[in-house]
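Visitor: have a look; sequence and predicted model below, questions after that.
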Amino acid sequence: MTREEGRSMDRFGKALLVAALALTLVAGGVAAWAGWSWYGAAHDDTAGYAAARDDALEAGEQAVQNLNTLDHRSVGRGLDLWEASTTGDLHSQLVQGRAQFEEQVRGAKTVSTAKVLSGAVTELDERAGRARVMVALRITVRASGQKPTDKDSRMLGELTRTDGRWKLSALGQAPVGDTATTTD
C-alpha cells in the first residue's frame, strides 16, 4: 500500500467515524424526544378529564332515562331504580312522595319509556364532584286503551359524585326556543 493509499484510508476511516458519531447523536436525540413525548402524554391531565367527562355523561344520560321510564305493572321496581339513580334533595323528594306517586301511576295504568337522543356535559368540576348535563329524550307514553304518544324533551340535570358514582341531584326541563320577549 502506498503512502497516498494509506492517507486515503485514514480519511475514509475518519469520515466513517464522524458519520457514525453523527448518526449516534441523531438516534440519541430521537430517543430522548420520544421518551419526553411519551412521559408528557402519560402524565397529561387531559386524558383523565376526558374520562371523567365521559363517565359523568354516561351516568347522567342513564339516570335521566331512568327517571322518565316507568311501567304501572312494575312501578315498585321502577321507583327503586329512580331512587338508585338519585341523591340529595331529589332523592329525598322521591322517597317522600313514593307511596302517593305509586298509587297515581297504578290508577292511570300508564307506561312511559324514554330513549336518549343525545347528551352533553355542560359543566364539570371533577374535584368538587359536581357536573351538569343536558339530555335530549324521546318519551313515549302509553295509557290504557289509548294510542301511544311521543314527546321530545330536553332535560337539564345536575350530578353529584357519591361513593365514586355519579347520581342525579336535580332535574328539570331545559328551555326550548326563543324565550326572550320584546316590547314595542
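Guide: Great, that's in hand. Numbering: from 1, shown residues only.
Visitor: phi, psi for Leu168 please.
Guide: The phi/psi pair for Leu168 (degrees, to the nearest 10) reads phi -70, psi 130.
Visitor: and Glu158, by the same measure?
Guide: The phi/psi pair for Glu158 (degrees, to the nearest 10) is phi -110, psi 130.
Visitor: tell me how many other residues surround it.
Guide: For Glu158, the count of nearby residues is 18 (other Cβ atoms under 10 Å). (Glycine included, C-beta is placed from N, CA and C.)
Visitor: that one and Thr87: what is the separation?
Guide: Using Cβ to Cβ, to the nearest Å, Glu158 is found at 10 Å from Thr87.
Visitor: what sits in contact with each of those two?
Guide: Listed contacts common to Glu158 and Thr87 are Leu168, Ser169; contacts here mean Cβ atoms under 8 Å, 6 or more residues apart in numbering.
Visitor: give me the pLDDT for the nearest residue to Arg106 once chain neighbours are set aside.
Guide: Leaving out its chain neighbours, the residue that sits closest to Arg106 by Cβ to Cβ, 6 or more residues apart in numbering is His72, at 5.3 Å. For His72, the model assigns a pLDDT of 94.
Visitor: in which helix or strand does the most centrally placed residue in the chain reside?
Guide: By Cα atoms, centre = their mean, the chain has its centre lying nearest to Asp54, at 2.1 Å. Under the criterion of DSSP states H and E, Asp54 resides in helix 45-66.
Visitor: other residues contacting the helix or strand following that helix?
Guide: Proceeding N to C from helix 45-66, the next assigned helix or strand is strand 70-71, under DSSP H and E. If you take Cβ under 8 Å, 6+ apart as the criterion, strand 70-71 is touched by Gly78, Leu79, Trp82, Val105, Thr110, Val111, Ser112.
Visitor: between these, which is nearest Glu123?
Guide: Glu123 has its nearest neighbour among the contacts of strand 70-71 in Trp82, at 23.4 Å by Cβ to Cβ.
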